[in-house]
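A.B. asks: Need a 3D model of the sequence below.
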Amino acid sequence: MAGHGHVDASNKKIALLIAVLALFLALAETLAKGAQTTSLSANIEAANLWSFFQAKTIRQTVLRTASEQLDDERKRVADAAAREAAQARIEAWGKTIQRWESEPDTQEGRKELIARAKAAESKRDLAGARYHQYEIASAAFQIGIVLASAEVITGVIALGWLGGAFGLIGAIFMALGLFAPHAVHLFG
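C.D. replies: Presented below is the predicted three-dimensional model:
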C-alpha cells in the first residue's frame with residue numbers, strides 16, 4: 001500500500017506539459033475554425049458581389065446597345081417630336097448607365113462593387129492564411145502531446161523535451177496566425 005500514493009516528480013512535469021499543450025491545442029483549433037468560417041463567408045460574399053457586378057455590366061451593355069440602336073433610328077425619323085422623344089429616352093438611359101457605373105449612396109455601382117468584392121477577397125485571403133497557420137500549430141501541439149505521453153510510458157526524457165519543442169513550434173505558428181499570417185507559407 002505504500003507505493004500507491006507516490007507519483008514520480010518527472011511524471012508531474014510531463015502531465016503539466018501535456019495539459020498546457022492540450023490547452024493550446026484547443027485554442028488553436030478554435031481559432032482555426034473561426035478563421036475557416038470567416039474565409040468561407042468572405043468567399044461567398046466576394047462571389048455574390050462579383051455576380052452583382054456582372055449583372056450590372058450586362059444591364060449596362062444591353063442599355064448601351066438599345067441606346068445606340070435608338071440613336072440610329074432617331075437620325076432617320078422625319079418627325080421632330082419623335083426625334084425629341086427618342087433623344088429624351090437616350091439621355092435618360094445614359095443617366096441610368098452612369099448611375100449603374102457609380103452609386104456612392106447605395107454602394108451598388110460597378111465601381112463600388114469592385115471595391116467591395118476586392119475587400120471581401122482580402123478578408124478571405126487573410127482568414128485563409130490564418131487558418132493554415134493555426135492548422136500547423138494544431139498539428140505541432142498534437143505531436144507534442146503524443147511525444148510527451150510517450151515519455152511517461154518509456155521513460156525516455158528526450159521525448160518530453162521533443163514534445164516541448166513541438167509545443168514551442170505550435171505556439172510560434174499560433175502567434176503567426178494572430179499577428180503575421182502571411183509571414184510563412186508552408187502549404188499551398
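
A.B. asks: Can you tell me, leaving aside adjacent residues, what's nearest to the spatially most central residue of the chain?
C.D. replies: The centroid of the chain falls nearest to residue 124 when counting by Cα atoms, centre = their mean (2.0 Å). Residue nearest to residue 124 in three dimensions, not counting chain neighbours: residue 42, with 3.7 Å by Cβ to Cβ, 6 or more residues apart in numbering. (Glycine included, C-beta is placed from N, CA and C.)

A.B. asks: residues in contact with that neighbour?
C.D. replies: 120-121, 123-124, 127 (Cβ atoms under 8 Å, 6 or more residues apart in numbering).

A.B. asks: same thing with residue 17?
C.D. replies: Applying Cβ under 8 Å, 6+ apart to residue 17 gives the contacts 144, 148, 160, 163-164, 167.

A.B. asks: While we're on residue 187, how confident is the model there?
C.D. replies: Per-residue pLDDT puts residue 187 at 68.

A.B. asks: repeat for residue 11
C.D. replies: Per-residue confidence (pLDDT) for residue 11: 89.

A.B. asks: How about the secondary structure of residue 78?
C.D. replies: Taken by DSSP: H, G, I helix; E, B strand; the rest coil, the conformation at residue 78 corresponds to coil.

A.B. asks: what's the neighbour count on it?
C.D. replies: 6 (other Cβ atoms under 10 Å).

A.B. asks: Phi first, then psi, for it.
C.D. replies: phi -80, psi -30 (degrees, to the nearest 10).

A.B. asks: swap in residue 181?
C.D. replies: The phi/psi pair for residue 181 (degrees, to the nearest 10) is phi -60, psi -20.

A.B. asks: go on, residue 110?
C.D. replies: phi -60, psi -40.

A.B. asks: give me the low-pLDDT residue ranges for the protein?
C.D. replies: 1-7, 187-188 (pLDDT under 70).

A.B. asks: hey, where'd the strands end up in it?
C.D. replies: Counting by DSSP state E, the chain has no strands at all.

A.B. asks: sorry, back to before: export the contacts of residue 42 to a markdown table and tack on distance to residue 72?
C.D. replies: Shown next, in a markdown table, are the contacts of residue 42 (distance: Cβ to Cβ, whole Å):
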| residue | distance to residue 72 |
| --- | --- |
| 120 | 40 |
| 121 | 40 |
| 123 | 46 |
| 124 | 45 |
| 127 | 51 |
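
A.B. asks: just the buried members of the residues you listed?
C.D. replies: Using 16 or more other Cβ atoms under 10 Å as the burial test, the contacts of residue 42 include 120-121, 123-124, 127 as buried.

A.B. asks: re earlier: for the residue nearest to residue 124, give its distance to residue 31.
C.D. replies: Going from residue 42 to residue 31 by Cβ to Cβ, to the nearest Å gives 16 Å.
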